[in-house]
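> Below are the sequence and a predicted model for it; my questions follow.
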Amino acid sequence: MTPDLEKLLDLQDKDLTLLEVDTRLAGVLQEEQQLDEAVEAVEASIGVAQRSVAESIRRRIEVEGRVETYRKLQEGRRKRIEVSRPGKDTVTLMAELELSRQVLAREESDWFRAQEAVQAQEARVAEAEAHVEALKAAQVEPREALAARKSELEAERAEALEARDKCADAVAKPLRSRYERLRGSRAPVAVVALAGDACGACFTAVPMNRRANMRMTGVVDGCEGCGVMLYYPETA
């Protein structure tokens, strides 16, 4: 195995280590996101309940306006009855007063229902707010544990990245450029040993003359099937 190949394989090992750390870090970030989404879902329910409260209040105000209107009309008819003389007009006014009393009773009943709806929606808001606080309290310990793991992994990643960059600087530029292009377009493992007479990644057969050249010169060849960088292993 040539020194260049040894350095290249060392770089690939460093990249695989870095990838493993990144995978674990991504898992921690996903867990944090799941906690955030749980809180956001409950907070969204608060918004829905608050909008329902606003709508219920709007309906209650409308009913209050109608109640006030009918009360004024009823009071006006009552005063007209008091100053009117007995007769047809009085009978008509009494009938209107009775009708107005019935309508007012219905409107007042609607107002009580609207008020109950407001109170029910306000209770929903309070319940949702309490749920959010309880959820946040329950998430304190998990979040602290995740923060600790995240900090450790970030430190581990920084160390692995530094080692990787130092290793990359030692690889010949043409070989490194070829390797980087492959890593950007395929699976993380870009440098693969021959498996007998075939590519160790896709098992495409490699001609004997190419295998012999790889064994004698230590050259890093390319697989015609999947494109990985092939080398002849010392144990082959």
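Yes, it's here.
> Would you agree residue 1 is in contact with residue 218?
Yes. Using C-beta atoms under 8 Å, residue 1 is in contact with residue 218, at 6.6 Å. C-beta coordinates here come from the backbone N, C-alpha and C atoms, glycine included.
> buried residues in the regular element (helix or strand) spanning residue 160?
Under the criterion DSSP states H and E, the helix or strand holding residue 160 is helix 140-169. Neighbour-count burial for helix 140-169 flags 146, 149, 150, 153, 156, 157, 160, 164, 167, 168 (criterion: 16 or more other C-beta atoms under 10 Å).
> tell me which strands and helices the least confident helix or strand in the chain by mean pLDDT is in contact with?
Sorted by mean pLDDT, DSSP states H and E, the helices and strands of the chain end with helix 88-138, the least confident at a mean of 83. With contacts defined as 3 or more C-beta pairs under 8 Å, 6 or more residues apart in numbering; DSSP states H and E, helix 88-138 has these neighbours: helix 3-83.
> angle of the helix it packs on against helix 88-138?
160 degrees (axes from the mean of the first three to the mean of the last three C-alpha atoms, to 10 degrees).
> got the contact list for stretch 168-175?
4, 7, 8, 11, 14, 176, 179, 220 (C-beta atoms under 8 Å, 6 or more residues apart in numbering).
> Return the member of the residues you listed nearest to residue 100.
The nearest member of those to residue 100, counting by C-beta to C-beta, is residue 14 at 88.9 Å.
> Tell me which helix or strand comes right after the lengthiest strand in the chain.
Secondary structure of the chain per DSSP state E: the longest strand is strand 191-195. Using DSSP H and E, the next helix or strand after strand 191-195 towards the C-terminus is strand 198-199.
> what's next to that following strand, contact-wise?
Strand 198-199 is contacted from outside by 192, 204, 205, 206, 223, 225, 226, 228, 230, using C-beta under 8 Å, 6+ apart.
> Now the fifth one. Nearest residue, chain neighbours left out?
The reference is to residue 223. Once flanking residues are discounted, residue 223 sits nearest to residue 199: 4.2 Å by C-beta to C-beta, 6 or more residues apart in numbering.
> So what sits opposite the one you found in the bridge?
Note on residue 199: beta-bridge partners by DSSP bridges are residue 194.
> can you tell me which residues contact the residue nearest to residue 149 when sequence neighbours are not counted?
Spatially, and ignoring its direct neighbours in sequence, residue 149 is nearest to residue 28 (5.2 Å; C-beta to C-beta, 6+ apart). By C-beta under 8 Å, 6+ apart, the contact set of residue 28 is 146, 149, 150, 153.
> next one: residue 222
Going by C-beta under 8 Å, 6+ apart, residue 222 touches 228, 229, 230.
> Mind giving me the packing neighbours of the helix or strand the last one falls within?
What that stands for is residue 230. Element membership for residue 230 (DSSP H and E) is strand 229-231. If contacts are counted by 3+ C-beta pairs under 8 Å, 6+ apart, strand 229-231 sits against helix 173-185, strand 191-195, strand 221-222.
> okay, those in CSV with mean pLDDT next?
Compiled in CSV, the helices and strands packed on strand 229-231 are given as follows (pLDDT from 0 to 100):
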stretch, mean pLDDT
helix 173-185, 88
strand 191-195, 95
strand 221-222, 92
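> any idea how far residue 192 is from residue 175?
To residue 175, residue 192 is 15 Å away according to C-beta to C-beta, to the nearest Å.
> swap in residue 139?
Taken as C-beta to C-beta, the span from residue 139 to residue 175 is 48 Å.
> tell me the two of the contacts of residue 28 that are most distant?
The most distant members of the contacts of residue 28, if one measures by C-beta to C-beta, are 146 and 153, lying 10.2 Å apart.
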